[in-house]
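> sequence? don't have it. structure:
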């Protein structure tokens, strides 16, 4: 199972879990399975630009339609980060 790291503001939707394990062979499938477990995270699907996504520390610069093509191994760590801008 891949592990998804949940950003602090979204942990209220995962019973305060920092990590959630899901299965899937693509990034899209892993995110779908995450939403199936924690429907409060629907914002991830509805507003994909809200997050930066990393797999094993490597930034995934993909649109929602391209996520279907991003392969994920069972041992991968998917990190969801809310970008913060400032000056």
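Cool, got the structure. Please read these numbers as outputs of a predicted model, since none were measured by experiment.
> may I see the buried residues of stretch 14-28?
Neighbour counts over stretch 14-28 (16 or more other Cβ atoms under 10 Å) mark 14, 20, 22, 24, 27-28 as buried. To be clear about C-beta, it is placed using only N, CA and C from the backbone, and glycine gets the same treatment.
> need those in CSV (columns: distance to residue 34 and pLDDT).
CSV is the format used below for the buried residues of stretch 14-28 (distance: Cβ to Cβ, whole Å; pLDDT from 0 to 100):
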residue, distance to residue 34, pLDDT
14, 9, 95
20, 6, 97
22, 5, 97
24, 9, 94
27, 10, 90
28, 11, 87
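> export the residues you listed to CSV and tack on secondary structure and distance to residue 78?
Rendered in CSV, the data for the buried residues of stretch 14-28 read as follows (DSSP: H, G, I helix; E, B strand; the rest coil; distance: Cβ to Cβ, whole Å):
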residue, secondary structure, distance to residue 78
14, coil, 14
20, strand, 10
22, strand, 8
24, coil, 10
27, helix, 7
28, helix, 11
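> would you turn the residues you listed into TSV with distance to residue 41?
Output for the buried residues of stretch 14-28, formatted as TSV (distance: Cβ to Cβ, whole Å):
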residue	distance to residue 41
14	7
20	9
22	11
24	15
27	15
28	14
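> between those residues, which is closest to residue 61?
residue 27 (11.9 Å; Cβ to Cβ).
> quick check, pLDDT for residue 87.
Looking at residue 87, its pLDDT reads 59.
> and residue 5, what does it touch?
For residue 5, the contacting residues are 18-19, 77-80, taking Cβ atoms under 8 Å, 6 or more residues apart in numbering as the criterion.
> where does residue 29 fall, secondary structure wise?
In this structure, residue 29 is located in helix 27-37 according to DSSP states H and E.
> try residue 75
With DSSP H and E as criterion, residue 75 is part of no helix or strand.
> burial of the closest residue to it other than its chain neighbours, as a residue count?
For residue 75, ignoring the flanking residues on the chain, the nearest one in space by Cβ to Cβ, 6 or more residues apart in numbering is residue 2 at 7.5 Å. Per other Cβ atoms under 10 Å, the neighbour tally for residue 2 reads 23.
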